[in-house]
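> Got a predicted structure plus its sequence, pasted below:
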Amino acid sequence: MPRIYDVSVPVRHGGVVYPGNPAIAFTPQQRIADGGSSNVTMLTLGTHTGTHVDAPRHFADDGAPVDALRLDRLVGRALLVAMGDDVRAIAPDHLRDLPIAGHTRLLLRTRNSRLLHDAAFHRDYTYLAPEAAEYLVGLGVELVGVDYYSVEQFHSGHHRTHRTLLGAGVVIVEGLDLSAPPPGEYELCCLPLRLEGLDGAPARAVLVER
């Protein structure tokens, strides 16, 4: 049997979120221990919690919502590549020598995959520079996955990386834990919750060895 890597981060009460996003809270609505007939929990979280998918509506009111994304963008062959720990901003020069051509789904592993396991948010996470986003659009990439809670530089102010990718119809997956699988080709399955009309949604993502 091929190995399956769960590359999703756990969503837990009080877990890490991008600063300014809604806090994660699990509140018991019914509990057997309190006399309820079953256990039921109320969830409070944002659409960009944990491992999640950004839809074009994230940065454009008239953009496609997450429930309208084509599923064939989210399932299929993907290339996982690794960046050195010294890379803090992924530029086109970091990508040109990689075998990306011909791949429509690209996953970028960086030092961030270690940071994901910390209880605090790291503002100095490695990000995809806008020029690198333009480079990937030019190659025909249709999905970009990163291993922290944003593909963009923290508080960039311009959101050019997001706008470049989403404006070209590229699906963004953020918050992937890529620490375990080695670089190479996989089958990706990353399905966001079918939240009607919204700008993004948490997802469960797995990589299956080819």
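All right, it came through fine.
> Can you name the residues that contact the residue nearest to residue 3 when sequence neighbours are not counted?
Using Cβ to Cβ, 6 or more residues apart in numbering and skipping the chain neighbours, the partner closest in space to residue 3 is residue 209 (4.7 Å). The C-beta positions use only the backbone N, C-alpha and C, and glycine is treated the same way. Contacts of residue 209 were listed using Cβ atoms under 8 Å, 6 or more residues apart in numbering, and they are 2-5, 186.
> What's opposite residue 209 in the beta bridge?
For residue 209, the beta-bridge partners under DSSP bridges are residue 186.
> Of the contacts of residue 209, which is the most crowded?
residue 186 (25 neighbours; other Cβ atoms under 10 Å).
> From what I see, that one and residue 208 are in contact.
Yes - using Cβ atoms under 8 Å, residue 186 is in contact with residue 208, at 6.0 Å.
> related to what we said a few turns ago, in CSV: the contacts of residue 209, plus distance to residue 196 and pLDDT.
Below are those laid out as CSV (distance: Cβ to Cβ, whole Å; pLDDT from 0 to 100):
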residue, distance to residue 196, pLDDT
2, 34, 95
3, 35, 98
4, 29, 98
5, 30, 98
186, 30, 98
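> Among those residues, which lie within strands?
4-5, 186 (DSSP state E).
> hey, where'd the strands end up in the protein?
Listed in chain order, the strands of the chain (DSSP E) span 4-6, 25-30, 40-44, 52-54, 75-82, 89-90, 105-109, 127-128, 143-146, 171-174, 184-192, 200-209.
> Which residues does the first one contact?
Under the criterion Cβ under 8 Å, 6+ apart, residues 180-181, 186, 204-209 lie in contact with strand 4-6.
> so who does the nearest residue to residue 200 once chain neighbours are set aside touch?
The shortest distance from residue 200 to any residue other than its chain neighbours is 4.4 Å, reached at residue 47 (Cβ to Cβ, 6+ apart). Contacts for residue 47 were tallied using Cβ under 8 Å, 6+ apart; they are 66, 195, 198-202.
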